[in-house]
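*Asks:* Just a sequence and a predicted model for now, questions to come.
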Amino acid sequence: MNVRRRIINPWRNLPEYNCFGCCPDNPIGLHLEFFEEDDYIVSNWRPEHNYQGWVNTMHGGILSTLIDEVCGWVVTRKLQTSGYTVQLNVKFRKAIPTTEPELTIRAKVTKQVRNLAYINAEIINSKGELCNEGEAIYFLMKEDKAKEMGFLHCEVE
């Protein structure tokens with residue numbers, strides 16, 4: 001049985017925080033919220049027509065952003081640090097219409113080698129079909145650098 005716990009955004013009180021992926025106040029952002037479910041970090045998101053590439057079809061760059069963002073939150077919550085993407089590979093398996101009722105984006109760490117985390121992600125449509133897969137490699141900041149970037153810890157409710 002999966003236990004789903006909402007992640008408390010550790011950046012929410014920083015005055016300069018305006019992430020395109022997760023800031024709730026960014027007027028053009030995706031406004032993603034994240035949850036911890038066992039080994040996974042999960043977000044549910046509703047596409048809309050402003051994020052299309054081809055007519056009524058989600059833009060691949062937005063789908064890549066969704067994958068990159070959930071992988072970043074794996075680093076924040078599961079590894080309790082900050083980091084940045086050094087590599088991102090996305091496989092687009094099935095087109096996603098902008099009218100899709102809801103997407104599930106989820107990711108988990110598959111391995112860690114010193115200061116690199118390997119994270120696998122997927123985007124699943126409302127029918128439970130795997131639409132996109134991604135693998136990200138994140139560079140993990142040391143504690144002092146993460147603190148300098150405003151990160152102290154990431155908790156759940």
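*Replies:* That came through fine.

*Asks:* who does whichever strand or helix holds residue 131 touch, helix- and strand-wise?
*Replies:* With elements taken from DSSP states H and E, the one containing residue 131 is strand 130-140. In terms of contacts (3 or more C-beta pairs under 8 Å, 6 or more residues apart in numbering; DSSP states H and E), strand 130-140 is packed against helix 60-78, strand 83-92, strand 103-113, strand 116-124. Yep, even glycine has a C-beta here, placed from its N, CA and C like the rest.

*Asks:* residues in contact with that strand?
*Replies:* Under the criterion C-beta atoms under 8 Å, 6 or more residues apart in numbering, residues 63-64, 67-68, 71-72, 74-75, 79, 81, 83-96, 103, 107, 110, 112, 115-125 lie in contact with strand 130-140.

*Asks:* so which of the helices and strands packed on strand 130-140 comes closest to residue 2?
*Replies:* Shortest distance between residue 2 and the helices and strands packed on strand 130-140, using C-beta to C-beta, is found for strand 103-113: 10.7 Å.

*Asks:* so who does the residue positioned nearest the centre of the chain touch?
*Replies:* Taking C-alpha atoms, centre = their mean, the centroid of the chain lies closest to residue 70, which sits 1.4 Å from it. Residues near residue 70 by C-beta under 8 Å, 6+ apart: 32, 34, 41-43, 105-107, 121.

*Asks:* which one of those has the most neighbours?
*Replies:* When neighbours are counted by other C-beta atoms under 10 Å, residue 107 leads these with 29 neighbours.

*Asks:* What pLDDT does the model give it?
*Replies:* Residue 107 is assigned 98 on the pLDDT scale.

*Asks:* roughly how far apart are it and residue 65?
*Replies:* From residue 107 over to residue 65 the distance is 13 Å, taken as C-beta to C-beta, to the nearest Å.

*Asks:* And for residue 154?
*Replies:* In terms of C-beta to C-beta, residue 154 sits 20 Å off from residue 65.

*Asks:* re the thing from before, taking the contacts of strand 130-140, please make a ChimeraX selection of just the buried ones.
*Replies:* The following ChimeraX line selects those of the contacts of strand 130-140 that are buried, judged by 16 or more other C-beta atoms under 10 Å:
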select :63,64,67,68,71,72,74,75,79,81,83,85,88,90,95,96,103,107,117,119,120,121,122,123,124,125
